[in-house]
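>>> how would this look folded up:
(chains A and B)
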Amino acid sequence: MPDWRGVARRRLTPLALDAKREEEIITELAGHLKDLYEDAIRQGKSEVEALQLALSDAADWDELRREIQLAANEEVGMNYRVKTLWFPGACTIVLSGVILRLLQVSSAPAPHVIWPRHDTPLVVYWQWFLCLPLVGAIGAYWSRRAGGKLLERVLAVSFPVLGPMGLPMLILPFMLALQGIVHHSAPLVPAALLLLGWVVIPEAALLLGALPFLRPATAGGRWLAGLGRARSGWRRRSGLYPRGSSA
Amino acid sequence: MNHIINIGSQVKRGSAELAILSVLEDGPLHGYQIAKRIESQTQGLLRFNLASLYPLLYRMENLGWVKGTWERPAGGRRRRYYRLGPAGKRRLVPLREEWGRLFRALNCLAGVTHA
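So this is what the prediction gives:
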């Protein structure tokens, strides 16, 4: 007999609900899958056909998980965007800000300064860059756990760059244009270095950490937990049978 | 040949709510029974799947329209049975009227008769 609880758990978690409620939902949906399977067997379908029929009852498990999260959380009244974007985004921006501030205190190692041109330094807070993947991972994990889609996860992760740098980056082209008009030369190289040091590299570091959590929940979970190990047979690959059971 | 109407994608949520509340009027049912009851009573025209049924049931439960309780019937396994709540009973009356009016309006307009 397929392990329907295992199937439901793998495909639906994390639901971002309290543990008891999550267990209830998994049990209930596993029961529904089992009923579908047993009905199909009674109707004379083969075991494989019955399995496929039961699993196809929810064509998109990610969508089902989001729908259940939304439905189950409606009573809380918290907005979907707040949970999936603003809270994780605020978390990443605060974390990255605190780390940067700690690195700026006098006892911390000085940032690395590169001089690509004699008059234009590129300040590289490499310690900060090293910490950013962790910040990105936390933000993406939080957003995904709350049911955030790919876009919300990426945006939540990008808050430390979009927040403090978003406004200056919007103003920058106008400043450059003004500079060009007044001094007949726009400081393109300093602007590009500023962009590189404070936007491009930090964003890349944040996204690098977020990468495992930008995948669909179950895949990311398996990857993280190291459960992506090879399993023999398509049934085991689909997680329908627990280890040790006979197919 | 029956053209199955996939609830959730083609029929408004209101009709799905009406279907669930209507079948629960006869007594408590678990999720799978709700889906099968609706399918059989509509001769297979309306069909709920996992994705359309449970999110809606949880919403209706939050609204107090239905109440789910875990029960283990004799000789059966533990299941969550849903029954109409007081708010659901109150909601059923206007829902029926609204859909009755809608079908009458469609009938006047396009000769659509409801089953």
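
>>> CA atoms for contacts and neighbours, from now on please.
Fine.

>>> need the residues of chain B near chain A, please.
Residues of chain B found near chain A (Cα under 8 Å from any Cα of the partner chain) are B:31-32, B:49-51, B:54-56, B:58-59, B:62, B:79-80.

>>> For chain A, just list every one of the helices.
A:4-12, A:19-42, A:47-55, A:61-73, A:80-81, A:87-104, A:126-145, A:150-183, A:188-195, A:201-210, A:217-225, A:234-237 (DSSP state H).

>>> Chain A - how does it break down into domains?
Per automatic domain parsing, the structural domains of chain A span A:4-77, A:80-220.

>>> Could you pull up the residues touching the residue positioned nearest the centre of chain B?
With distances taken as Cα atoms, centre = their mean, chain B has B:I20 as the residue nearest its mean C-alpha position (1.8 Å). Counting by Cα atoms under 8 Å, 6 or more residues apart in numbering or on different chains, B:I20 makes contact with B:I34, B:I38.

>>> Angles on the backbone of it, please.
B:I20 has phi and psi values of phi -70, psi -50 when expressed as degrees, to the nearest 10.

>>> From A:W4, how far off is it?
Per Cα to Cα, to the nearest Å, B:I20 is found 25 Å from A:W4.

>>> check contacts around A:E22.
With Cα under 8 Å, 6+ apart, A:E22 has these contacts: A:L15, A:A16.

>>> any idea how far it is from A:G139?
22 Å.

>>> the helices in chain B, which residues?
Using DSSP H, helices in chain B cover B:13-24, B:31-41, B:50-62, B:86-110.

>>> most neighbours per residue, which of the ones you listed?
Mean neighbours per residue, mean count of other Cα atoms under 10 Å in any protein chain shown, is largest over these for helix B:50-62, with a mean of 21.

>>> Can you list the helices and strands that it packs against?
helix A:61-73, helix B:31-41, strand B:66-71 (3 or more Cα pairs under 8 Å, 6 or more residues apart in numbering or on different chains; DSSP states H and E).

>>> which stretch in the helices of chain A has the least confidence?
Of all the helices of chain A, mean pLDDT reaches its minimum on helix A:234-237 (a mean of 38).

>>> Please give me every residue in contact with the residue positioned nearest the centre of chain A.
Centroid-nearest residue in chain A, with Cα atoms, centre = their mean: A:A140, separated by 3.1 Å. A:A140 makes contact with A:P88, A:R153, A:V154, A:A156, A:V157, A:A210, A:F213, A:L214, according to Cα under 8 Å, 6+ apart.

>>> got it, and A:P121?
Here A:P121 is in contact with A:V113, A:I114, A:W115, A:P190, A:L193 (criterion: Cα under 8 Å, 6+ apart).

>>> Isn't A:G197 up against A:V124?
Yes. Contact criterion Cα atoms under 8 Å: A:G197 and A:V124 qualify, at 6.2 Å.

>>> quick one: A:L33 and chain B, what's the gap?
As judged by Cα to the nearest Cα, to the nearest Å, A:L33 and chain B stand 8 Å apart.

>>> Now for that residue, how many residues are close by?
26 (other Cα atoms under 10 Å in any protein chain shown).

>>> That one: what's its closest spatial neighbour, skipping adjacent residues?
Spatial nearest neighbour of A:L33, chain neighbours left out: A:A54 (5.5 Å); criterion: Cα to Cα, 6 or more residues apart in numbering or on different chains.

>>> so how many other residues sit close to that neighbour?
22.
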